[in-house]
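Student: below are the sequence and a predicted model; questions follow.
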Amino acid sequence: MLTIGLENFLAASPSDLTGKRLGLLSNQASTDRNLVHARVLLQQRYGSRLTCLFSPQHGFFCEKQDNMIESGHEIDRLTGLPLFSLYGESRRPSEAMFDHLDVLLIDLVDVGTRVYTFLYTMAYCLEAAAEFGKKVVVLDRPNPVGGIAVEGNMLLQDCTSFVGLYPLPMRHGLTFAELALMLNQEFGLGADLQVVPMQGWKRSMLFRDTGFPWVFPSPNMPTPETALVYPGQVIWEGTNISEGRGTTLPFELVGAPFWEHEPILKALEQTELPGCFLRPLVFEPTSGKWAGQACVGFQLHVTDAATFLSYRTSLALLQVVMQLYPGDFSYKEPPYEYEYERLPMDLILGDQKVRRGLEDGVPLMEIEAGWQKGLQEFKSVRRKYFLYPEESPASKSEL
């Protein structure tokens, strides 16, 4: 049976934490297998030693729907503890916040994608812990899209932002604790870091394989299937195309009023897109882009998760749409995640050459070939931080 870091920590907490004041970075998805929240379990176990709470983007209850919608500090009604927002007036914890604690526990559901901001909130906490002399303990959880497949180009320095602070590929294939170890060591964050691994997790597992209940970690991540398509479908945030926000299937749906099914499907035939089916439909968002308007588009069905390449699929679709509808397609203008000048699409893709290649009609497989060297180097580095062994030779889906 799989047990997560939170459960293992509660079963046998490290002896060096005796008497220490604890803070907890989490949100509503941070539960045990019985759907009891971490802050409840920790308060039951440690009483007044749990002194404060922290929340990432979207608010503690994932109530904030979109980017750059901030949360304020408050008092948690259930525990009576101060709840500090790390997506508000600042995204970095202050010394005053860390004065409440000796050890920060981090227990967050990540989705395995470079642009998901929770990992940068963790990184800022590691930096702050190093600066203020505090300890960090990361309680590990499954990567819902598995720990084998790695996909996409490496983020370059000129595209860094709060959706990309470090040179990672779009799909990194690491758990949150493995990420913490790698960031802390490879980028010299210098935190006193400890991790509590899972027991029973295998790198080949997708979330549905774990038997663990899914609780949405952000408002537009309703299911593990959403997480599976997200590494590619997130790119639509940088465009005027609806990524399905304002529908019941965010990121699984994509489209716009000016799209046409048949020309798009015909153009996509030139690129191999394994493990998925683009089913034509029409949808009408109730909010966000094209709210109240009929969008011609597709639902992205994953038919074989082992071979599915989310980033390739979405880039192929993006390039086709650019070519077919140059007068209607447009990029989103700044701001995006507190960047007010640079093009949001560049921040999401992480490399301006990728965008320019798509615009110039460079075949996608040629664009992919251009990022293989950096990706292979990353794959070698990441293996140093595996908490869970590889089960088989590298998958052919590592592209």
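Tutor: Received the coordinates, thanks.

Student: going forward, measure contacts and count neighbours with C-alpha atoms only.
Tutor: OK.

Student: all helices for the stretch 51-200 of the chain, in order.
Tutor: 95-98, 118-132, 176-186 (DSSP state H, counting those that start in this stretch).

Student: so where's this structure uncertain?
Tutor: Across the chain, the ranges flagged by pLDDT under 70 are 67-68, 392-399.

Student: and the nearest residue to L108 once chain neighbours are set aside, what does it touch?
Tutor: Nearest residue to L108 in three dimensions, chain neighbours excluded: S26, at 5.3 Å (CA to CA, 6 or more residues apart in numbering). By CA atoms under 8 Å, 6 or more residues apart in numbering, S26 lies in contact with 38, 53-56, 60, 106-108.

Student: include distance to E269 and mean neighbour count when you put the helices of the stretch 51-200 of the chain into CSV, please.
Tutor: Formatted as CSV, those follow (distance: least, CA to CA, whole Å; neighbours: other CA atoms under 10 Å):
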stretch, distance to E269, mean neighbour count
helix 95-98, 54, 14
helix 118-132, 36, 21
helix 176-186, 36, 21
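
Student: out of those, nearest to L318?
Tutor: Smallest distance to L318 across these (CA to CA): 26.0 Å, for helix 118-132.

Student: would you agree H261 is in contact with V282?
Tutor: No: using CA atoms under 8 Å as the test, H261 is too far from V282 to be in contact (9.7 Å).

Student: what's the closest of the helices of the stretch 51-200 of the chain to L324?
Tutor: Among the helices of the stretch 51-200 of the chain, helix 118-132 sits nearest to L324 (CA to CA), with 35.5 Å.

Student: give me the distance from the closest one to the chain's centre.
Tutor: 17 Å (CA atoms, centre = their mean, to the nearest Å).

Student: what does stretch 249-267 give?
Tutor: That offset, for stretch 249-267, works out to 24 Å (CA atoms, centre = their mean).

Student: residues in contact with that stretch?
Tutor: Here stretch 249-267 has contacts from 220-222, 226, 229-230, 233-234, 241-245, 280, 290, 293-301, 317, 320-321, 324-325, 328, using CA under 8 Å, 6+ apart.

Student: show the buried residues in those.
Tutor: 220-222, 226, 229-230, 233-234, 241-245, 280, 290, 295-301, 317, 320-321 (16 or more other CA atoms under 10 Å).

Student: what's the burial count for F258?
Tutor: A count of neighbours around F258, defined by other CA atoms under 10 Å, yields 14.

Student: from T247, how far off is it?
Tutor: 18 Å (CA to CA, to the nearest Å).

Student: now do the contacts for the residue minimising distance to the centre of the chain.
Tutor: For the chain, the residue nearest the mean C-alpha position is Y116 (3.0 Å; CA atoms, centre = their mean). Shown in contact with Y116 (CA under 8 Å, 6+ apart): 110, 163.

Student: ok so, going back, ok, so of the contacts of S26, who is nearest N184?
Tutor: I106 (14.2 Å).

Student: thought the closest one was touching V137?
Tutor: Yes: I106 is within contact range of V137, at 6.2 Å (criterion: CA under 8 Å).

Student: and of the helices of the stretch 51-200 of the chain, who's closest to L347?
Tutor: helix 118-132 (14.2 Å).

Student: quick one: contacts of that closest one?
Tutor: Against helix 118-132 from outside (CA under 8 Å, 6+ apart): 56-57, 86, 91-95, 98, 106, 108, 110, 135-136, 162-165, 176, 179-180, 183-184, 189-193.

Student: what does stretch 295-309 give?
Tutor: In contact with stretch 295-309 (CA under 8 Å, 6+ apart) are residues 151, 228-229, 242, 252-261, 273-285, 396-397, 399.

Student: strands - which of those residues land there?
Tutor: 253-256, 276-283 (DSSP state E).

Student: how does this structure divide into domains?
Tutor: 5-210, 224-369 (automatic domain parsing).

Student: nearest to S380, of these?
Tutor: Closest among those, using CA to CA: domain 5-210, at 11.5 Å.
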